[in-house]
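J.: this one's sequence-less:
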């Protein structure tokens, strides 16, 4: 099977951990073991989040020169290289000798008129206490949002991905039997200017939406969205909290999920399942194989399969991955 595996930024740098190179490397080493377990039997493509990491680089850049901070597209490219390198190295250490792996920087086109630019919603960087958040807002003009923990984080624009540039390179590497790491942090956000040239954008694209688009464009058999939460939860954080082991896109439409955490994962998984007729899974990184096999996490199956127990017909994969392949649920 060809599987796109998307690793959440919080799965690679756990909540509350110091944002140090040592902590990052230790978590990536654990992630690589789960990935290697899948790669022994399946062809995998690895995407990853970068919310904590890109926020840290932005904070470091602002401390160096508050008047000329590094743009988010450049910082996104830096995190793709940094995290991709760590994943590739630890994955190669975990795989048998002779395995092949490659890390690619991925540009992802967005619409310059996307309304997301007027409504920042993507949390990045560390969690601040109220006083620290107020100071950061005064110093840098950053928009802030309150987390469920009570702390505050910076939020930036998160436009929808329109097109993954360089998808043919990913396909060529897969044909050459490489494990590919790409689309890190949702990809480097770019847009066409008035002259028709590509330029960087001050944004961070949602990794789950790009991963679903990647899976569709590659004709993947499954999409796994892995994080630090065991499954999609009904009444998350409430008295009746309980995991949802199996679901369909239609059933998931009725859930009230947090926009900044599980909501995008569920929307991306449902969009992929609807568009491809294949399955998606959401759950803990350590449970990757068990989620794929239906023994852990939440597995999302097509509505047709839920009706009669048979798999839904699989459409031919599109020649290019675009946001309109997902319909309204991922728009």
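T.: It's in. Bear in mind the structure is a predicted one, so any value in this text is a computation, not a measurement. Numbers count the residues shown, from 1 in each chain.

J.: Flag the shaky bits of the stretch 151-300 of the chain, pLDDT-wise.
T.: Applying pLDDT under 70 to the stretch 151-300 of the chain flags the ranges 258-261.

J.: Would you map the helices across it?
T.: Secondary structure of the stretch 151-300 of the chain, counting by DSSP state H, counting those that start in this stretch: helices at 167-175, 207-217, 249-253, 262-276, 288-292.

J.: For the first one, give me every contacting residue.
T.: I take that to be helix 167-175. 2, 43, 45, 102, 104, 180, 182, 214, 217-218, 320-321 (Cβ atoms under 8 Å, 6 or more residues apart in numbering). Just so you know, the C-beta spots here come from the backbone N, C-alpha and C atoms, and that holds for glycine as well.

J.: and the gap between the residue nearest to residue 205 when sequence neighbours are not counted and residue 115?
T.: Distances taken as Cβ to Cβ, 6 or more residues apart in numbering put residue 186 closest to residue 205, at 3.2 Å, once the chain neighbours are dropped. Going from residue 186 to residue 115 by Cβ to Cβ, to the nearest Å gives 17 Å.

J.: and what of residue 187?
T.: Using Cβ to Cβ, one obtains 19 Å as the distance from residue 187 to residue 115.

J.: Settle it for me: which of the two has more neighbours?
T.: Legend: neighbour count by other Cβ atoms under 10 Å for residue 187 and residue 115, higher for residue 187 (33 against 10).

J.: so what's the closest residue in space to that one that isn't next to it in sequence up against?
T.: Nearest residue to residue 187, sequence neighbours excluded (Cβ to Cβ, 6+ apart): residue 108, at 3.1 Å. Applying Cβ under 8 Å, 6+ apart to residue 108 gives the contacts 161-165, 183, 186-190, 205, 210.

J.: at 7 Å what do you get?
T.: The contact partners of residue 108, taken as Cβ atoms under 7 Å, 6 or more residues apart in numbering, are 161, 164-165, 186-190, 205, 210.

J.: where exactly do the strands run in the stretch 51-200 of the chain?
T.: 101-103, 107-110, 122-128, 143-146, 152-156, 161-164, 179-181, 188-192, 198-200 (DSSP state E, counting those that start in this stretch).

J.: What score does residue 109 have for pLDDT?
T.: For residue 109, the pLDDT comes out at 97.

J.: what's the burial count for the nearest residue to residue 81 once chain neighbours are set aside?
T.: Nearest residue to residue 81 in three dimensions, chain neighbours excluded: residue 105, at 6.7 Å (Cβ to Cβ, 6+ apart). Per other Cβ under 10 Å, the neighbour tally for residue 105 reads 16.
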